[in-house]
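> Provided below for reference: sequence and predicted model.
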Amino acid sequence: MVNEKKRQLVFVHGRSQQGRDPVAAKKEWVDALREGLRKAGRELPIDETDIRFPFYGDTLIGMIEGRSGDDLANVIVMGTEEDDRERRFLEAVLREVKDQAGVTDEQVREVNQAELVEMGIQNSAPVLALLRAINEYLPGLGGALISAVTHDVYVYLHNGRIAERIDDGVSEAMSSDRENVVVAHSLGSVVAYRLISERARESAWKVPRLITVGSPLGIRAINGSLGATRHPAAVGEWMNAYDPADVVALRPLSAPWFAVDPAVKNNGGVDNEFDDHHGIRGYLGDPAVAEWVYQALTAP
């Protein structure tokens, strides 16, 4: 088909892509979107050649070194001075998760009564205590997942070398000649938000619609590391979708957690049909999210 609107679709992925075949990874996203469009009574309105999938997954290998979320938490709390800064960042995120979910300090103490004392606790205790409580009182939401995503976000925000490699890779997929409809997931939403905010003007990018899914940007510890929150000038509409059972997408992108003008349009009605409530298949396979993509690609 001919893309008469001269728009391209840019997917910006999150974590857990390292070691994958980029072609297979793109196919997973496209297939999920096709399924969502089918549910919405639509078809993909552009050729797949007009879909860009900048793949930076192998760059993330250096960020996680093959460790699981649980391993990362233990490494962080027992490591170097830099690890101590990351530990404080992770602790702040976990406290937000705990508070948002209504887990009390007393419940944290109950889960950890054998490990914690009131005074003189080691630096590792708060993080590990919060992880235990989250896993105890929020089964299936995944303390390990939030730890792993938080680690990726922290390294992206604080390791200039890795951030530059990721930013340059995503920038190559963006076009200054065509409008870019951007769909960003998880860590990818942080990447897309910062990149469009910082590079769109000099690169002459136009983004009629930014769609974020499973985004951690509503977590204050994360968006606070990005400076003042703002609606990127190059972005027309910003839509955000989240599954309430997705621990990474802790909050909608709205005041008081993420106040921007014009406001982000949030959809908290995604019910991810897969076991992984953070997975991209459930987000792009949601008919409302797929309709957002369709409308952005076909709007006059």
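It's in.

> okay, CA-based contacts and neighbour counts for the rest of this
Noted.

> and the helices in the stretch 51-200 of the chain?
With DSSP state H, counting those that start in this stretch as the criterion, the stretch 51-200 of the chain has helices at 61-64, 69-77, 81-101, 105-111, 124-137, 143-158, 160-173, 187-203.

> lowest average pLDDT across the ones you listed?
When those are compared by mean pLDDT, helix 69-77 comes last with a mean of 39.

> can you redo the helices of the stretch 51-200 of the chain as TSV with distance to Leu284 and mean neighbour count?
Formatted as TSV, the helices of the stretch 51-200 of the chain follow (distance: least, Cα to Cα, whole Å; neighbours: other Cα atoms under 10 Å):
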stretch	distance to Leu284	mean neighbour count
helix 61-64	25	16
helix 69-77	25	18
helix 81-101	25	18
helix 105-111	35	15
helix 124-137	27	20
helix 143-158	19	21
helix 160-173	20	16
helix 187-203	14	19
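
> what comes up buried for stretch 248-262?
Buried residues in stretch 248-262, counting neighbours by 16 or more other Cα atoms under 10 Å, are found at Val248, Ala249, Leu250, Arg251, Pro252, Leu253, Ser254, Trp257, Phe258, Ala259, Val260.

> among those, which one has the lowest pLDDT?
Leu250 (86).

> isn't there a helix covering that residue?
No. According to DSSP: H, G, I helix; E, B strand; the rest coil, Leu250 belongs to no helix; its state is coil.

> and it, its phi and psi?
Here is the backbone geometry of Leu250 (degrees, to the nearest 10): phi -60, psi -40.

> before we move on, the earlier item: as TSV, the helices of the stretch 51-200 of the chain with distance to Trp292 would be great.
Rendered in TSV, the data for the helices of the stretch 51-200 of the chain read as follows (distance: least, Cα to Cα, whole Å):
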stretch	distance to Trp292
helix 61-64	32
helix 69-77	32
helix 81-101	28
helix 105-111	40
helix 124-137	33
helix 143-158	25
helix 160-173	21
helix 187-203	16
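
> and Val213, which of the ones you listed is closest to it?
Smallest distance to Val213 across the helices of the stretch 51-200 of the chain (Cα to Cα): 7.5 Å, for helix 187-203.

> picking up where we left off before, and which of the buried residues of stretch 248-262 is nearest Ala204?
When the buried residues of stretch 248-262 are compared for distance to Ala204 (Cα to Cα), Val260 comes out closest, at 22.1 Å.

> now do the contacts for the closest one.
Val260 is in contact with Thr229, Arg230, His231, Ser254, counting by Cα atoms under 8 Å, 6 or more residues apart in numbering.

> swap in Glu96?
In this structure, Glu96 makes contact with Ile219, Arg220, judged by Cα under 8 Å, 6+ apart.

> helix, strand or coil for Gly236?
Gly236 falls in the strand class when you classify it by three-state DSSP.

> next, count neighbours for it.
A count of neighbours around Gly236, defined by other Cα atoms under 10 Å, yields 15.

> quick check: closest non-adjacent residue to it.
For Gly236, ignoring the flanking residues on the chain, the nearest one in space by Cα to Cα, 6 or more residues apart in numbering is Pro208 at 4.5 Å.

> confirm the one you found sits in a helix?
No. Using three-state DSSP, the secondary structure at Pro208 is strand, not a helix.

> my read is that it contacts Glu179, right?
Yes. In this structure, Pro208 is within contact of Glu179 by Cα atoms under 8 Å, at 6.8 Å.

> go ahead and confirm Trp257 touches Arg220.
Yes. The pair Trp257 / Arg220 is scored as a contact, 6.4 Å apart, by Cα under 8 Å.

> how close does the residue sitting nearest the centre point of the chain get to Arg42?
Against the mean C-alpha coordinate of the chain, by Cα atoms, centre = their mean, the closest residue is Ser186 at 1.5 Å. Computed as Cα to Cα, to the nearest Å, the Ser186 to Arg42 distance reads 25 Å.

> now Leu94
Following Cα to Cα, the distance that separates Leu94 from Arg42 is 40 Å.

> repeat for Phe274
Distance, Phe274 to Arg42, by Cα to Cα: 22 Å.
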